[in-house]
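Undergrad: could you look at this predicted model? Sequence included:
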Amino acid sequence: MTSTISINDNHSLKLSPLEVPNRLLLGPGPSNAHPAVLQAMNTTPLGHLDPAFLALMDEIQSLLRYVWQTENPHTIAVSGTGTAAMEATLANTVEPGDVVLIGVAGYFGNRLVDMAGRYGADVRTITKPWGQVFSLDEISTALETHKPAILALVHAETSTGARQPLEEVGELCRKYGTLLLVDTVTSLGGVPIFLDEWGVDLAYSCSQKGLGCSPGASPFTMSARAMEKLQKRETKVANWYLDMLLLGKYWGVERTYHHTAPINLYYGLREALRLVAEEGLASCWQRHQKNVEYLWESLETIGLKMHVEKEFRLPTLTTVCIPEGVDGKAVAKQLLLDHNIEVGGGLGELAGKVWRVGLMGFNSRPESVDRLVAALKEVLG
Ligand code: PLP
């Protein structure tokens, strides 16, 4: 039968093959993927149940345990960005009415508050001005007051550039039967993390920052304690896609279909993790620290100041104070358009006050610092 309906060509663009500007991504993320990662992603896809692909998933799991320093069997990559892995931690462990205590000292603490509320949590917060961190005493007092089922903290607050110390927090949580949930999106691969040593029960991250991959395959891990809470739930996990009991059947021994994994992203993540292991975790952390100190010194030489106290500054993300009378947005635009360098602007309390400069993964190199500082010098005049 011949169709009588004619095709509407209004939206059919006649485009040339994709070309994008070659930017140096020194903002809050994504950062540039390592060339070897891009090459790995440019490999023929396998089927998501192919034994060769399942073996690659095993390698990802093992390497994730290495970079996080955990023995958690349930350590996987979530198909989605860091926010999906973030949502997975709460969706699986929060039951309606559970008290969830969240440390809010920036934008991503607030995102956790919003998300936990959507899963029916009785959300309580402790707050700090943006750029500061919680002391162990403050955390201890809050745990005593709220006795929460879950305490959520952001290890590396990307909106402020501050590193939340986590030593001894897990021990405190155990006194109250509290699960410790930690956002490591801007720390994994670039900032020392010892999940098991610190008693962290739930953690998530992303692929596009310290690991030097593209966004879309996001690390997730849960301890035996967190798994027990999931298994004892009275209600089903409200989010089908992120339900770890279902996902565990794909990542675990059963190997049953759950969703079609983004195959090439997993290739990229596997290569990114392989590169971290090849460099060695300690060297990788040291490289991030050394290069960020070079950044701070170089920025100071051109008269710029950092927003966060040195002790708590992140090696991966620096908030740089915009000098009086300078239009921060205009400077960032000029860096992008004239110098092909992306830096981020401030969010929330820090909007208009800081630039956010990331040195993460492949981009954590002295050449990135030199290029940025030379460009800034020129733009600021
Ligand atoms: N948490 C933190 C601390 C982040 O910096 C980000 C993103 O930058 C996220 C969560 C969300 O990750 P994504 O943008 O990959 O969804």
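TA: Received, thanks.
Undergrad: show me where this structure dips below the pLDDT cut-off.
TA: By pLDDT under 70, the weakly predicted segments of the chain are 1-2.
Undergrad: tell me the residues of it that contact the ligand?
TA: For the chain, the residues in contact with the ligand (Cβ under 6 Å from any ligand atom) are 28-29, 81-83, 86, 108, 154, 158, 183, 185-186, 206, 215. Bear in mind the C-beta positions are built from the backbone N, C-alpha and C, glycine included.
Undergrad: widest-spaced pair of those residues?
TA: Pairwise distances among those were taken by Cβ to Cβ; the largest, 18.4 Å, belongs to Val154 and Pro215.
Undergrad: could you pull out the helices for the stretch 251-381 of the chain?
TA: 263-279, 281-301, 328-339, 366-380 (DSSP state H, counting those that start in this stretch).
Undergrad: and among these, the most buried is which?
TA: With neighbours taken as mean count of other Cβ atoms under 10 Å, the helices of the stretch 251-381 of the chain reach their highest mean count in helix 263-279, at a mean of 21.
Undergrad: mind listing residues that contact that one?
TA: Taking contacts as Cβ atoms under 8 Å, 6 or more residues apart in numbering, the residues outside helix 263-279 that touch it are 33-34, 36-43, 45-46, 48, 53, 56-57, 59-60, 63-64, 66-67, 77, 79, 189, 207, 211-214, 216-217, 284, 287, 361.
Undergrad: so which of those residues belong to strands?
TA: Taking DSSP state E, the ones among these that sit in strands are Ala77, Ser79, Ala217.
Undergrad: ok, and the most crowded of these?
TA: Highest neighbour count within the ones in strands among the contacts of helix 263-279, by other Cβ atoms under 10 Å: Ala217, with 29 neighbours.
Undergrad: residue of the stretch 1-150 of the chain closest to the ligand, please.
TA: Gly82 (2.6 Å; Cβ to the nearest ligand atom).
Undergrad: so who does that residue touch?
TA: Contacts for Gly82 were tallied using Cβ under 8 Å, 6+ apart; they are Val185, Tyr204, Ser205, Cys206, Pro215, Ser218.
Undergrad: can these go into JSON lines with extra columns for neighbour count?
TA: Supplementary listing: these in JSON lines, determined by neighbours: other Cβ atoms under 10 Å:
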{"residue": "Val185", "neighbour count": "30"}
{"residue": "Tyr204", "neighbour count": "25"}
{"residue": "Ser205", "neighbour count": "31"}
{"residue": "Cys206", "neighbour count": "29"}
{"residue": "Pro215", "neighbour count": "17"}
{"residue": "Ser218", "neighbour count": "27"}
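Undergrad: would you check which pair of those lies furthest apart?
TA: Largest separation among the contacts of Gly82 by Cβ to Cβ: Tyr204 and Pro215, giving 13.5 Å.
Undergrad: tell me how far Val94 lies from Leu181.
TA: Counting by Cβ to Cβ, to the nearest Å, the gap from Val94 to Leu181 is 10 Å.
Undergrad: quick one: common contacting residues for those two?
TA: Taking Cβ under 8 Å, 6+ apart as the contact definition, Val94 and Leu181 share the neighbouring residues Ile150.
Undergrad: including secondary structure and distance to Leu376, could the residues of the chain next to the ligand go into CSV?
TA: Converted to CSV, the residues of the chain next to the ligand look like this (DSSP: H, G, I helix; E, B strand; the rest coil; distance: Cβ to Cβ, whole Å):
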residue, secondary structure, distance to Leu376
Pro28, coil, 17
Gly29, coil, 20
Thr81, coil, 29
Gly82, helix, 28
Thr83, helix, 30
Met86, helix, 32
Phe108, helix, 26
Val154, strand, 28
Thr158, coil, 20
Asp183, strand, 29
Val185, coil, 26
Thr186, coil, 22
Cys206, coil, 27
Pro215, coil, 26
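Undergrad: reformat the residues you listed as a markdown table; add distance to Lys329.
TA: A markdown table is the format used below for the residues of the chain next to the ligand (distance: Cβ to Cβ, whole Å):
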| residue | distance to Lys329 |
| --- | --- |
| Pro28 | 15 |
| Gly29 | 19 |
| Thr81 | 25 |
| Gly82 | 25 |
| Thr83 | 25 |
| Met86 | 28 |
| Phe108 | 22 |
| Val154 | 25 |
| Thr158 | 19 |
| Asp183 | 27 |
| Val185 | 24 |
| Thr186 | 22 |
| Cys206 | 25 |
| Pro215 | 24 |
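Undergrad: thanks a lot, see you next time.
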